[in-house]
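Engineer: could you work out the structure for the sequence below:
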Amino acid sequence: MITLDTIRKPVTAELEAFDGFVDRQFTAEGELLADMLRYALSSRGKGIRPLLVMLSAAMNSPVEGAAKGRRVHLAAMLVEMIHVASLIHDDVIDESDTRRGRPSANARWQSHKAVILGDFILARNMNIGLSSGQFDLVTHVCGSMAALCEGEVLQSECAEKHTMTRQAYLDIIYKKTACLIGVSASAGAMAVGAPREKVALMRRFGEAIGMAFQIQDDILDYMRTAHTGKPANNDLREGKITLPLLAVLDKATPERRAELLGRLAGCREEEESVEYLQNTVENEGGLAFAAEVMRSYVARAVEMLSEYDPSEYRTALVNLCAYIAERDR
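Structural biologist: Take a look at the predicted model:
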């Protein structure tokens, strides 16, 4: 089983330096805001996005040591803090009480304070980026913020109207997850002055593993034994139609589809409906189909890495692809 510690090994020193960089940059006046900020930054999860920045920078660096500079740290900070802020806002929207096994910011300080915390992180992030004068990096990363918002609105609209389609689902997960992961990989290459075609290649690579990452996340939500830090079947309770359920709905007759959507509408309050849909998705091939789609994105990402000469950084990225496909099983 590939672990994140193994994947991080070639850039361990760079990631430690990055953590120190973030701690120095993200401070706040006032005891309450400072406490909220420390809480949010102390649980940043697996750190996939800064890891991608560092590995991409190192693999694309024209000279030894270029991936260790402030510009790479800045690129990693820009993408990671957008991600952190988006999770805070997501928890407010979804009324989630937990995040990675501990109380969410909105559960601990109420939603209106959590929104302000997310806004502060975004504002501070952009201020640091613009003050650095690295306008190419800031411009490159900022477009992902609009995509995140578009994805959230589209997801809410599809959930409310039960109009989710395969294309809408792929569009949502691209905007909410894959876009920022793609930008993470390309920002690393850009930070070390890689040629334009390599920056574009790394963006496509990151987008492919971002799609795989979110599909795997949606699969794990249906698995009672997954170690995701949140309750199983959380998406069902929130009325979300993700690829495992969508695969079943697409094969159903109109009558059966109406029945399943009726069950979904009752999932917020009826544990029986949650259990019914969980078993239906599992027994009717929804999880297997979603896993096949996820693996196709992983294979696509691995193929893109063949454009690079063998190195410990390329190996780490190949291992990251495998980790995404196997994680939390």
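Engineer: mind jotting down where the strands sit in the chain?
Structural biologist: Ranges of strands in the chain, per DSSP state E, are 98-99, 102-103.
Engineer: adding distance to Gly69, write those out as TSV.
Structural biologist: C-betas here are computed from N, CA, C, even on glycine. Listed next are those as TSV, based on distance: least, C-beta to C-beta, whole Å:
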stretch	distance to Gly69
strand 98-99	32
strand 102-103	34
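Engineer: roughly how far apart are Leu37 and Gly118?
Structural biologist: 11 Å (C-beta to C-beta, to the nearest Å).
Engineer: least confident of the strands of the chain, on average?
Structural biologist: Lowest mean pLDDT within the strands of the chain: strand 98-99, at a mean of 82.
Engineer: direction included, what does that one pair up with?
Structural biologist: strand 102-103 (antiparallel) (DSSP bridges).
Engineer: and the contacts of the partner strand?
Structural biologist: Residues outside strand 102-103 that contact it (C-beta atoms under 8 Å, 6 or more residues apart in numbering) are Ser43, Asp97.
Engineer: so which of the strands of the chain is the most packed in?
Structural biologist: strand 98-99 (a mean of 18; mean count of other C-beta atoms under 10 Å).
Engineer: from the chain's centroid, how far away is it?
Structural biologist: 15 Å (C-alpha atoms, centre = their mean, to the nearest Å).
Engineer: if you count residues, where's the longest helix of the protein?
Structural biologist: helix 135-161 (DSSP state H).
Engineer: show me what that helix is packed against.
Structural biologist: Using 3 or more C-beta pairs under 8 Å, 6 or more residues apart in numbering; DSSP states H and E as the contact test, the elements touching helix 135-161 are helix 70-94, helix 111-132, helix 166-173, helix 179-191.
Engineer: what average pLDDT does that helix get?
Structural biologist: Average pLDDT, helix 135-161: 89.
Engineer: can you check stretch 3-14 too?
Structural biologist: Mean predicted lDDT for stretch 3-14 stands at 94.
Engineer: can you point out the buried residues in that stretch?
Structural biologist: Ile7, Arg8, Pro10, Val11, Glu14 (16 or more other C-beta atoms under 10 Å).
Engineer: redo these as JSON lines? Include distance to Ser96.
Structural biologist: Below are the buried residues of stretch 3-14 laid out as JSON lines (distance: C-beta to C-beta, whole Å):
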{"residue": "Ile7", "distance to Ser96": "28"}
{"residue": "Arg8", "distance to Ser96": "28"}
{"residue": "Pro10", "distance to Ser96": "34"}
{"residue": "Val11", "distance to Ser96": "31"}
{"residue": "Glu14", "distance to Ser96": "32"}
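Engineer: between these, which is closest to Ala114?
Structural biologist: Taking C-beta to C-beta as the measure, Ala114 lies nearest Arg8 of the buried residues of stretch 3-14, at 29.4 Å.
Engineer: give me the distance between the closest one and Gly45.
Structural biologist: As for Arg8, its distance to Gly45 is 14 Å (criterion: C-beta to C-beta).
Engineer: same question, Asp35
Structural biologist: 20 Å.
Engineer: also Thr3?
Structural biologist: Thr3 is 15 Å from Gly45, by C-beta to C-beta.
Engineer: before we move on, back to that, nearest to Gln110 among the buried residues of stretch 3-14?
Structural biologist: The nearest one, if we look at those relative to Gln110 and count by C-beta to C-beta, is Arg8, at 35.4 Å.
Engineer: wait, the closest one touches Glu16, no?
Structural biologist: No - look at Arg8 against Glu16 with C-beta atoms under 8 Å: they stay out of range, at 9.8 Å.
Engineer: so which bits of the longest helix of the chain are buried?
Structural biologist: Those would be 137-138, 140-142, 144-145, 147-148, 150-152, 154-155, 158-159, for helix 135-161 by 16+ other C-beta under 10 Å.
Engineer: got it, and stretch 162-182?
Structural biologist: 162, 164, 168-182.
Engineer: gap between the two ends of it?
Structural biologist: End-to-end span of stretch 162-182 (C-alpha to C-alpha, to the nearest Å): 29 Å.
Engineer: residues making contact with that stretch?
Structural biologist: 48-49, 52, 79, 82-83, 86, 143-144, 147-148, 150-152, 154-155, 157-158, 203-211, 213-215, 217-218, 241-243, 246, 249-250, 261, 264.
Engineer: flag the shaky bits of the protein, pLDDT-wise.
Structural biologist: 65-66, 224-231, 328-329 (pLDDT under 70).
Engineer: centroid-wise, who is the farthest residue in it?
Structural biologist: Glu255 (35.2 Å; C-alpha atoms, centre = their mean).
Engineer: wait, what's in contact with that one?
Structural biologist: Glu255 touches nothing, counting by C-beta under 8 Å, 6+ apart.
Engineer: distance of Arg166 from Cys158?
Structural biologist: Applying C-beta to C-beta, the value for Arg166 to Cys158 is 12 Å.
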